[in-house]
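Participant: From the sequence below, what's the structure:
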Amino acid sequence: PVASVVAKAGFRSCAPCCRDMLALARPTGKTFIMVDLAESNCRGTFHFVMGDKYLPIPKEACEPHEVEIMKNVVLDAQAGKFSSSQEIYDAMIDANLPVDETAQALYLGDRALLPAGCAVNVRGTALLE
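Facilitator: Presented below is the predicted three-dimensional model:
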């Protein structure tokens, strides 16, 4: 599948936690989706990481129908209905959901992340080393 999904219950994650979870999850493609406080529709954040793009969307800032939009995108991603990370990103942007810009800047400014395009030829276990 294009996307790997992790749903976490019981606690909230910050942008650096998302980066750490991404490293542990060993995603199958360029898209990693983490949902914290997955048991709640009112609290927590949907973290969408698509290559060099990151969209943290807090459920607290969303209307109930917007949370459903995110859930449907996650389900569609798991079902293989998107052919690329860009399609997932476009679906999220088209939904016009409220992005936590502070968390986004923190994640994208993290020096622990490799710059876009720097490891394009690295594949398989070499990524882990």
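Participant: now stretch 39-54, how far from the centre of its chain.
Facilitator: Between the centre of stretch 39-54 and the centre of its chain there are 5 Å (Cα atoms, centre = their mean, to the nearest Å).
Participant: before we move on, what about stretch 41-56?
Facilitator: The answer for stretch 41-56 is 4 Å, by Cα atoms, centre = their mean.
Participant: give me the low-pLDDT residue ranges for the protein?
Facilitator: Within the chain, the stretches with pLDDT under 70 are 11, 14-19, 22-28, 111-120, 122-129.
Participant: For the lengthiest helix in it, name the packing helices and strands.
Facilitator: Ranked by residue count under DSSP state H, the longest helix found in the chain is helix 64-78. Using 3 or more Cβ pairs under 8 Å, 6 or more residues apart in numbering; DSSP states H and E, the elements in contact with helix 64-78 are strand 3-7, strand 31-35, helix 85-94. Glycine gets a C-beta too; all of them are placed from N, C-alpha and C.
Participant: Report the angle between the longest one and strand 3-7.
Facilitator: Read it as helix 85-94. 50 degrees (axes from the mean of the first three to the mean of the last three Cα atoms, to 10 degrees).
Participant: tell me, what residue is most central in the protein?
Facilitator: The residue lying closest to the centre of the chain (Cα atoms, centre = their mean) is Phe48, at 1.9 Å.
Participant: Quick check: end-to-end length of stretch 54-65?
Facilitator: In stretch 54-65, first residue to last residue: 22 Å (Cα to Cα, to the nearest Å).
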